[in-house]
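Enquirer: sequence unknown, structure follows:
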Ligand SMILES: Cc1cc2nc3c(=O)[nH]c(=O)nc-3n(C[C@H](O)[C@H](O)[C@H](O)COP(=O)(O)OP(=O)(O)OC[C@H]3O[C@@H](n4cnc5c(N)ncnc54)[C@H](O)[C@@H]3O)c2cc1C
Ligand SMILES: Cc1cc2nc3c(=O)[nH]c(=O)nc-3n(C[C@H](O)[C@H](O)[C@H](O)COP(=O)(O)OP(=O)(O)OC[C@H]3O[C@@H](n4cnc5c(N)ncnc54)[C@H](O)[C@@H]3O)c2cc1C
Ligand SMILES: Cc1cc2nc3c(=O)[nH]c(=O)nc-3n(C[C@H](O)[C@H](O)[C@H](O)COP(=O)(O)O)c2cc1C
Ligand SMILES: Cc1cc2nc3c(=O)[nH]c(=O)nc-3n(C[C@H](O)[C@H](O)[C@H](O)COP(=O)(O)O)c2cc1C
Ligand code: FES
Ligand code: FES
């Protein structure tokens, strides 16, 4: 894990990808060069004004290229992400990253990425990297409704993997919860990212099927670099551990799942 | 003075006119229809975020047309006006107006408008209106330096009056303070708007020359409509009176000038 | 009877949204912009026994996420308020309720203002502003339990009308002051008034505010106001006006869930006069979405995990 | 010797800008991002006698113009701090000064932490965090003059090092507490800690913060912090750390003009780690523009019209 850096990054493009969701690209060479799948950045607008997002917001690195750009898949959730949605090419934003501990994988093991909503983001980066290292990768991607789905063809273009899409209401892909599809993945390593309830369900599946699972968790963050202790999650040994530096990716065995 | 109204106005244009100064046009029919020279509007960005300007800012109506647009001449002073400078066509802003008591004049009396800096704004509206009613109008316009001067030809286009321009350093127009030019205006009615020190000097001149003077004063405002009592100035009888409703235009005799 | 209607102090309130003292004058000034009778009501600018000249400018300025003010309680005084302002309120606020914000330098002065207003028509009750210096003790009435208790008893003795005490935020334990008011006979509380603050013009090396110090209001104080309202609601059974930084229905609902029966909107009115009515409708929408039939079901309905 | 240099407590401070407790960990966590030795120094995360687990999440959230936090003073405890964290500070903070933020449940506990650290190297002094519950009295040490006095005397008895007391903002008269600290032998003050606050998720009807209540920080509290610093500076002759909402040189200068000798930057670091150094240089620029040769000429240099 290389040292995080702070940089004023120029927005190179901002495209709407689905309802309440946009794909933000920024010019961030120092981060693009060293980021690993599962790592995140803190994205903020600086100190000139106090409008939300005043505190920077954490987002998974969803893509990076040789030209030094990174891509973020962001869903409008509250005031902060709402304002970020209005960033246009040329605007400057403050980035801190790459941050945290990313995903780990072995060549010979097939990866099954289970994504809930914008939990898809880190897998858009993990899938191609893992495939480059020779691993087989499949993506199970669930959304509530069709209008929120990130274009499967675009996913295939970015990752080389055609995702299995699921929607709660069946308006796109197969009907049903993405976690239920996990049954048909015996023998492979699971990777999960999405809302906490979904991760809980996924962990139960993995435990029952006794499959290895790495999850990327979400908790409110202050600093993103381990100083504020704001982002803790409960470890299996009962301690509060920092999701920003000990995580955000954890093996399921590292965390306390009891609710 | 007609009832003020609150309206969400669309910005129709925003042009830089000089260093730190811009000319903002908004679509505000209800205000354009009833505004009088010397009246002002409270311009804000609403309650969605808390960045400055959180409180709306007062600006003199500098122009209006039959199409229902109004024009404001705004100088970047602090964070609030700085952010307003970035408004672009299509953006929405919150307007309250028309507000306050404007200038009064009589047909047969020549008007001499003495403007310091963006104190020029209300005269861009007063001059044409007064001329339409048959009055002779002249404009004395002072700035610190040439780069801050609002194009004299544009002033003439807007008002029909070619202004006498003064700069402290003589980089544009005549060198010197605009107030000193007042000596050569005996027999006419003076109208002043600009920084408080300039208004003080002007008032002294008017008193000595025993000329009538109306000034538009500037004080911090909260509401702009007379409820908060935030905008008071000292009256000649020693009371604190509201510049937003009793003013912003006052006869020199109404105010206490002692400092 | 609408979802938002509730009965308090023997009166019917068809909306929980009020305009806060000092931000709506005596009502008349905002009547052209705000349909007052569609709201719960207003609290007037402070009224004192004698007229007050108020402080020198600057009296207001923006602060991060809010504003600071030091008006100095400038007002026309008891007599002119009763003769010139109250009649307008009586005639025009037919559905909205009026509380008169009262200030004084001594308990006697507070009592005298209330006594001088009590048989007039055009208002429902009083909001006692104790965030002002107590000439006797020097401290603020609102930060001195004895002075506060004496004050409330004194005023209580002079009126049968709803008596609301508006508390000061800068105390370690607002529950103490809430209980003092309840025991002294208050009918309700308002939480909270502005936070003491100061702004310095570093270029001039002078205070921005003519009075040197002022009161901070606006969104910046929202989380403090919500906590103080919750703490006051835990301490007493009185109905509470939740106040501080409210600019949306969700802000208002934070106060209501914390235990406020009614809310007051202040600073946000300067930014958008429509905000009060927007909040009223926003609360209605929320109740429909969560299908809550009575506002009273939301008051103090905050769930604290683990604390059943 | 630079314009910004001053001597305090027998040590030389080449910059008045510090990183506030809880926002820079134990220094090591931010060392890659912030050139600590170019700053005046840091105040460590709170250290208690025993390790503390801290509060359940959410521990932080944004508020209008700031943030709320309830970390629960999670820390590694005295021993591990001394053995694992202090050595790094000793080796790496060659020019920047270190103050250790100390917490406890009783005066004895505070005393024990200080006693356990005092002969170690790697720091200059202590910042006593009295914004925590006093097990004996129940109240916060910082809101109870007797408890505070006893606490400061107790700690004073165990160390010769610079002893700074960090005051709590939610008191009616901070001057009283400032004087109590001075009389009890404190060497300096820090004003101020966070304001108690609460945030409610209205959709879930639950507190956003796992601990229910938390402390509000950031720009929102700037005007309160400046006033409390000014009032403390009026009350005592001790050097003061000005703290609260600082995000620019002009914010820092407000505190300095109000009477602070040094300032601490907290929440703003989360937004931009460069802010502390930017403030240092911004103060330098200001002094050049106003041609002020010594920072000490600005401390408390606020001019109050009429009060000469
Ligand atoms: C490691 C990590 C990676 C993430 N990656 C992505 C991503 O790739 N795409 C994406 O759309 N979202 C991602 N999120 C979630 C994203 O950070 C939140 O949706 C965002 O912070 C919400 O801010 P807001 O102001 O819009 O919402 P608000 O609810 O208004 O935010 C209020 C406060 O809560 C915090 N908050 C609210 N929800 C979350 C959350 N889920 N996680 C962390 N903080 C939260 C905010 O930081 C803020 O302090 C990630 C979160 C983490 C921790
Ligand atoms: C009746 C009236 C008419 C005006 N007309 C114009 C105009 O046509 N063009 C123009 O450029 N300016 C005009 N001004 C001044 C303008 O309102 C201020 O420059 C502006 O409010 C500064 O805001 P800021 O955030 O940029 O500055 P800041 O100094 O950051 O503002 C901080 C606080 O001080 C207040 N403030 C600071 N300076 C002034 C001031 N001079 N007047 C009122 N409030 C102030 C702001 O409202 C805010 O509350 C007018 C002022 C008044 C009272
Ligand atoms: C300009 C102004 C004047 C005020 N005058 C009074 C007053 O006369 N009496 C009073 O009790 N409160 C007064 N207040 C306090 C408000 O009623 C309210 O308690 C405070 O502003 C917090 O609410 P807000 O954040 O919604 O503004 C005043 C506030 C402002 C901004
Ligand atoms: C996440 C966080 C943790 C904090 N932890 C401590 C602490 O352990 N001890 C302490 O005295 N103050 C602590 N504080 C308070 C800060 O040191 C500072 O007094 C306060 O945040 C106001 O300054 P600011 O507005 O610049 O953040 C903490 C603040 C934050 C935001
Ligand atoms: S976000 Fe600050 S420690 Fe993790
Ligand atoms: S600005 Fe509120 S009374 Fe004039």
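Expert: Sure thing, it's come through. What you are looking at is a predicted structure, and each value in this text was computed from that prediction instead of being measured. Ligands and ions are numbered 1, 2, ... in the order given.
Enquirer: Enumerate the residues of chain A near chain C.
Expert: Taking C-beta under 8 Å from any C-beta of the partner chain as the measure of proximity, chain A contacts chain C at residue A:50. For every residue, glycine as well, the C-beta is placed using N, CA and C.
Enquirer: Please, where are all the helices along chain A?
Expert: With DSSP state H as the criterion, chain A has helices at A:29-34, A:79-84, A:121-132, A:152-159, A:196-208.
Enquirer: Determine which of those approaches ligand 3 most closely.
Expert: helix A:79-84 (18.4 Å; C-beta to the nearest ligand atom).
Enquirer: what helices or strands is the closest one leaning on?
Expert: Under the contact criterion of 3 or more C-beta pairs under 8 Å, 6 or more residues apart in numbering or on different chains; DSSP states H and E, helix A:79-84 touches strand A:57-60, strand A:69-75.
Enquirer: Just put the ones you listed in CSV and tack on mean neighbour count, distance to residue A:9 and mean pLDDT.
Expert: Converted to CSV, the helices and strands packed on helix A:79-84 look like this (neighbours: other C-beta atoms under 10 Å in any protein chain shown; distance: least, C-beta to C-beta, whole Å; pLDDT from 0 to 100):
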stretch, mean neighbour count, distance to residue A:9, mean pLDDT
strand A:57-60, 24, 12, 98
strand A:69-75, 23, 8, 98
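Enquirer: quick one: low-confidence parts of chain A?
Expert: Along chain A, the parts satisfying pLDDT under 70 run over A:1, A:185-186, A:259.
Enquirer: The residue nearest to the spatial centre of it and residue B:130: what is the separation?
Expert: When C-alpha atoms, centre = their mean is applied to chain A, the residue found nearest the centroid is residue A:122 (3.5 Å). For residue A:122, the distance to residue B:130 equals 67 Å [C-beta to C-beta, to the nearest Å].
Enquirer: Quick check, residue C:80 in contact with residue C:50.
Expert: No. Counting by C-beta atoms under 8 Å, residue C:80 sits too far from residue C:50 to count as a contact (10.3 Å).
Enquirer: could the helices and strands packed on helix A:79-84 go into a markdown table alongside distance to residue D:176?
Expert: Output for these, formatted as a markdown table (distance: least, C-beta to C-beta, whole Å):
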| stretch | distance to residue D:176 |
| --- | --- |
| strand A:57-60 | 41 |
| strand A:69-75 | 49 |
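Enquirer: Show me what residue C:264 is bridged to.
Expert: Beta bridges link residue C:264 to residue C:18, residue C:243, judged by DSSP bridges.
Enquirer: let me fix that: residue C:200
Expert: Taking DSSP bridges as the rule, residue C:200 bridges to residue C:207.
Enquirer: Please spell out which residues along stretch A:41-55 are buried.
Expert: Using 16 or more other C-beta atoms under 10 Å in any protein chain shown as the test for burial, stretch A:41-55 gives A:41-47, A:49-55.
Enquirer: Mind telling me which residue of chain C is nearest chain D?
Expert: Ranked by C-beta to the nearest C-beta, the top residue of chain C for proximity to chain D is residue C:65, at 2.5 Å.
Enquirer: Look up the pLDDT of that residue for me, please.
Expert: Listed pLDDT for residue C:65 reads 98.
Enquirer: phi, psi of it?
Expert: Residue C:65 adopts backbone torsions of phi 70, psi 20, taken as degrees, to the nearest 10.
Enquirer: and residue A:142, what are its bridge partners?
Expert: residue A:116, residue A:166.
Enquirer: how near is it to ligand 4?
Expert: From residue A:142 over to ligand 4 the distance is 34 Å, taken as C-beta to the nearest ligand atom, to the nearest Å.
Enquirer: That residue and chain D, how far apart?
Expert: Per C-beta to the nearest C-beta, to the nearest Å, residue A:142 is found 22 Å from chain D.
Enquirer: Count the residues that sit near that residue.
Expert: For residue A:142, the count of nearby residues is 29 (other C-beta atoms under 10 Å in any protein chain shown).
Enquirer: Ok, residue A:180 next?
Expert: Neighbourhood size, residue A:180 [other C-beta under 10 Å]: 14.
Enquirer: Please apply the same query to residue C:83.
Expert: 11.
Enquirer: go on, the one 5 residues further on?
Expert: Residue C:88 has 14 neighbouring residues, counting by other C-beta under 10 Å.
Enquirer: among the helices of chain A, which is the most enclosed?
Expert: helix A:121-132 (a mean of 23; mean count of other C-beta atoms under 10 Å in any protein chain shown).
Enquirer: now that helix against helix A:152-159, angle please.
Expert: Angle, helix A:121-132 to helix A:152-159, by axes from the mean of the first three to the mean of the last three C-alpha atoms, to 10 degrees: 50 degrees.
Enquirer: Quick one: residues in contact with helix A:121-132.
Expert: Defining contact as C-beta atoms under 8 Å, 6 or more residues apart in numbering or on different chains, one finds that helix A:121-132 is touched by A:35-38, A:40, A:59-64, A:71-73, A:102-103, A:105, A:111, A:113, A:115, A:137, A:139, A:155, A:158-161, A:191, A:193, A:216.
Enquirer: Test my guess that residue C:56 contacts residue C:211.
Expert: Yes. Using C-beta under 8 Å, residue C:56 is in contact with residue C:211, at 7.2 Å.
Enquirer: What is the burial count for the residue in the stretch 201-308 of chain C positioned nearest to chain A?
Expert: Chain A sits closest to residue C:220 of the stretch 201-308 of chain C, with a gap of 8.6 Å, by C-beta to the nearest C-beta. Counted with other C-beta under 10 Å, the neighbours of residue C:220 add up to 36.
Enquirer: what residues are up against it?
Expert: Residue C:220 makes contacts with B:50, C:63, C:64, C:65, C:66, C:245, D:64, D:65, D:66, D:219, D:220, D:221, as judged by C-beta under 8 Å, 6+ apart.
Enquirer: Any chance of TSV for those, columns secondary structure and distance to ligand 2?
Expert: Output for the contacts of residue C:220, formatted as TSV (DSSP: H, G, I helix; E, B strand; the rest coil; distance: C-beta to the nearest ligand atom, whole Å):
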residue	secondary structure	distance to ligand 2
B:50	coil	13
C:63	strand	9
C:64	coil	11
C:65	coil	13
C:66	strand	11
C:245	coil	17
D:64	coil	17
D:65	coil	15
D:66	strand	19
D:219	helix	14
D:220	helix	16
D:221	helix	18
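Enquirer: who wins for neighbours among these?
Expert: Within the contacts of residue C:220, residue D:220 tops the neighbour count with 36 neighbours, counted by other C-beta under 10 Å.
Enquirer: What's the per-residue pLDDT of that residue here?
Expert: As predicted, residue D:220 sits at a pLDDT of 98.
Enquirer: distance of it from ligand 6?
Expert: For residue D:220, the distance to ligand 6 - C-beta to the nearest ligand atom - is 23 Å.
Enquirer: Output the set of residues of chain C in proximity to chain B.
Expert: So far as C-beta under 8 Å from any C-beta goes, chain C lies against chain B at C:22-25, C:29-30, C:32-33, C:45, C:53-54, C:56-62, C:64-67, C:69, C:71, C:74, C:218-220, C:247-248, C:267-275.
Enquirer: Show me the beta-bridge partners of residue A:11.
Expert: Beta-bridge partners recorded for residue A:11 (DSSP bridges): residue A:26.
Enquirer: Report the contact partners of residue A:134.
Expert: Neighbour list for residue A:134: A:107, A:108 [criterion: C-beta under 8 Å, 6+ apart].
Enquirer: where are the low-confidence patches of the stretch 101-250 of chain C?
Expert: Scanning the stretch 101-250 of chain C for pLDDT under 70 picks out C:134-138.
Enquirer: What separation do you get for the residue of it found nearest ligand 3 and ligand 6?
Expert: Distance from ligand 3 to each residue of the stretch 101-250 of chain C (C-beta to the nearest ligand atom) is smallest for residue C:217, at 3.2 Å. According to C-beta to the nearest ligand atom, residue C:217 stands 14 Å off from ligand 6.
Enquirer: Next, count neighbours for that residue.
Expert: By other C-beta under 10 Å, the residues close to residue C:217 number 29.
Enquirer: I'd say it and residue C:70 touch.
Expert: No. The criterion here is C-beta under 8 Å, and residue C:217 misses it with residue C:70 at 11.5 Å.
Enquirer: Nice, that's everything, thank you.
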